[in-house]
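Asker: What follows is a predicted protein model with its sequence.
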Amino acid sequence: MMTSRYIRFIYFSFQPDQIKPSLFKEAVNEFFAKQVPVLWENDHEGVIVEENPDDPISYEAIIDVFMSDLSVNLHFFVGPFLTSLSEAGKGYQTLIKGAEIAGKYSDKAVVNYLEALPYILIDQAENDFRADFVQTVLADTADDDELLKQLKRFITCNKCIRHRQRAISPPEQACNTALNKFKEKQVSKYANSTRQ
């Protein structure tokens, strides 16, 4: 019985001179059941090649260990599983480009390729389209800096309730007020557009 073979590329980056590449590779291999190839772009960026993993790997856990034990600020961009080696060349190039784009738009430590799709689409859009899109979606709220800051805090902190409560001040009331204000403006805009 032949099992299917698949690989996945995981882009990583950390600040220059935070850790020696050899030490990084040694530390990364501690998280995998077998040695994993690391393809270096330079001394602080590269790609881990994950082949037929036995167990799922938590890249968030890897980051936690690197931060707590080695004081290394690490970022991952996790690509899709590829089922054919003939896809590897294109998959590698797509991963590098996707990681570059995701890094411009997201400050998350781990971003997977599905989360990056909106960033990639936005990045490929012309400036006029982006401006029109923002105006269409946000309408009058596009100029309300305080509301936009509250919404951004809410969205970025929504992953963890405790973190959200510490990050937003005053926590729930300000957030709910901002969301209600945004919602009212959107409902009003929609109601006005359907009357015309």
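Answerer: On my side now, so go ahead. Here the structure is a predicted model, which is why all the values come from computation and not from measurement.

Asker: Report how many residues lie close to residue 101.
Answerer: Residues lying near residue 101 (other Cβ atoms under 10 Å) number 19. The C-beta positions use only the backbone N, C-alpha and C, and glycine is treated the same way.

Asker: Check residue 81 too.
Answerer: By other Cβ under 10 Å, the residues close to residue 81 number 14.

Asker: Kindly export the helix or strand hosting it (C-alpha atoms) in CSV.
Answerer: Counting by DSSP states H and E, the secondary-structure element that holds residue 81 is strand 74-82. Output of strand 74-82 as CSV, limited to C-alpha atoms (Å, rounded to 0.1, in the frame of the first residue of the first chain):
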residue,chain,number,x,y,z
LEU,A,74,9.7,35.0,15.2
HIS,A,75,7.1,35.1,12.4
PHE,A,76,5.7,32.3,10.3
PHE,A,77,3.7,32.2,7.0
VAL,A,78,2.3,28.7,6.7
GLY,A,79,1.7,27.5,3.1
PRO,A,80,-0.8,24.9,1.8
PHE,A,81,0.1,21.2,1.6
LEU,A,82,1.4,20.3,-1.9
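
Asker: What's the first helix or strand after it?
Answerer: With elements assigned by DSSP H and E, the helix or strand that comes after strand 74-82 is helix 88-105.

Asker: Give me the distance from that following helix to the chain's centre.
Answerer: Its chain's C-alpha centre and that of helix 88-105 lie 12 Å apart, by Cα atoms, centre = their mean, to the nearest Å.

Asker: coming back round to it: what helices or strands is the strand holding residue 81 leaning on?
Answerer: In this structure, strand 74-82 packs against strand 7-14, helix 59-70, helix 88-105, strand 110-112, helix 113-124, with contacts taken as 3 or more Cβ pairs under 8 Å, 6 or more residues apart in numbering; DSSP states H and E.
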